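> no sequence on this one, just coordinates:
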């Protein structure tokens, strides 16, 4: 049987960063898929599942290649592509189903179950795509159970730190968020390595090595191209998540500023800025669709000694007679307006029919 090679520091760092990227994308997708805007929910449900599934598949593929370089010189096409499709399907289930859960706390168990089933299926499919698949009948049970328990507990604990009710993830302190991403990534990578150590791969000897390429083989060059494409998808997902988070924070800050300004304007409208007393000059104008469109207003101000209501009445009557004709008859009646004291209303007799009745005055 072929033993797994020791993982180098550089390879371990790459796998850790990839696991953290998957955790960040999953967290952002789970948050955005619950948006009331169906366009945002649909785009992040599909695009987020694509990026998360690709990241999970890439994490396992790189783990196989780094720990078993002699056994991963090429892959069978069918199970190789099936593993990628299964990874995206499992991620879609975890992300999209989270929209219909009532709270983030109920989403986390579903996400953990979907991820564990997806990782197990991808592990088996990638192993089956090797030139010589592992001896599944000889797989060690204890490391496998330990890997599943480690992944389940680690991912569950990380989701409890990252995707919990309360403040949005972008508003939480950076320390707990980074700790959650690290726990998620360490759980996935450690579980993957335990599973690889438990899977015995046949050691091929002889002049043919790992055997001749099959007609539908994915050789090392094509695998490199697919890895590069997967890295591009994960990278673009991270860029989109970063831009979306920054835009959301700016929009939220702007909304907070507008809300504060609106509250300040309300305070100034209802309360005098100098004395702090209630502003009696404020009135709530109820708009009327019938009359507001044709509303006109003329204001005048007279400051002098011995000015009374009679002067106002005389000015208004003279103004109306000049405007509507010298025969215009007016009527003054007291009324209540909260912004003027004393207050009167002026009625003008119809200047079309002089009060006999017509469609204009509806008399």
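Received, thanks. Since the structure is predicted, the reported quantities are computational estimates derived from the model, not experimental observations.
> in terms of secondary structure, what does the least confident helix or strand in the chain by mean pLDDT contact?
Least confident helix or strand, the chain: strand 217-218 with a mean of 82, by mean pLDDT, DSSP states H and E. Under the contact definition 3 or more C-beta pairs under 8 Å, 6 or more residues apart in numbering; DSSP states H and E, strand 217-218 sits against strand 75-76, helix 77-97. In short, each C-beta sits where N, CA and C put it, glycine included.
> quick one: closest of those to residue 328.
With distances scored as C-beta to C-beta, the stretch of those nearest to residue 328 is helix 77-97 (72.7 Å).
> for the closest one, name the packing helices and strands.
Of the remaining helices and strands, those touching helix 77-97 by 3+ C-beta pairs under 8 Å, 6+ apart are helix 9-32, helix 38-67, helix 104-128, strand 217-218.
> mind listing what's buried along the host helix or strand of residue 196?
Element membership for residue 196 (DSSP states H and E) is helix 174-198. Going by neighbour count (16 or more other C-beta atoms under 10 Å), the buried part of helix 174-198 is 177, 180-181, 183-196, 198.
> and the helices and strands packed on helix 77-97 as CSV, adding mean neighbour count and distance to residue 317?
Rendered in CSV, the data for these read as follows (neighbours: other C-beta atoms under 10 Å; distance: least, C-beta to C-beta, whole Å):
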stretch, mean neighbour count, distance to residue 317
helix 9-32, 21, 67
helix 38-67, 22, 62
helix 104-128, 19, 71
strand 217-218, 19, 97
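> out of those, which is closest to residue 353?
Closest approach to residue 353 among these (C-beta to C-beta): helix 38-67, 58.6 Å.
> which elements pack onto that closest one?
Contacts of helix 38-67 with other secondary structure elements, assessed using 3+ C-beta pairs under 8 Å, 6+ apart, are made with helix 9-32, helix 77-97, helix 104-128, helix 174-198, helix 220-270.
> out of those, flag the one nearest residue 47.
Each of the helices and strands packed on helix 38-67 has some distance to residue 47 by C-beta to C-beta; the shortest is helix 220-270, at 6.9 Å.
> chain center to the closest one, what's the gap?
Taking the mean C-alpha point of helix 220-270 and that of its whole chain, the gap between them comes to 8 Å (C-alpha atoms, centre = their mean, to the nearest Å).
> for it, packing partners?
For helix 220-270, the contact count by 3+ C-beta pairs under 8 Å, 6+ apart identifies helix 9-32, helix 38-67 as packing neighbours.
> tabulate these (JSON lines), appending mean pLDDT and distance to residue 220.
Output for the helices and strands packed on helix 220-270, formatted as JSON lines (pLDDT from 0 to 100; distance: least, C-beta to C-beta, whole Å):
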{"stretch": "helix 9-32", "mean pLDDT": "89", "distance to residue 220": "16"}
{"stretch": "helix 38-67", "mean pLDDT": "89", "distance to residue 220": "9"}
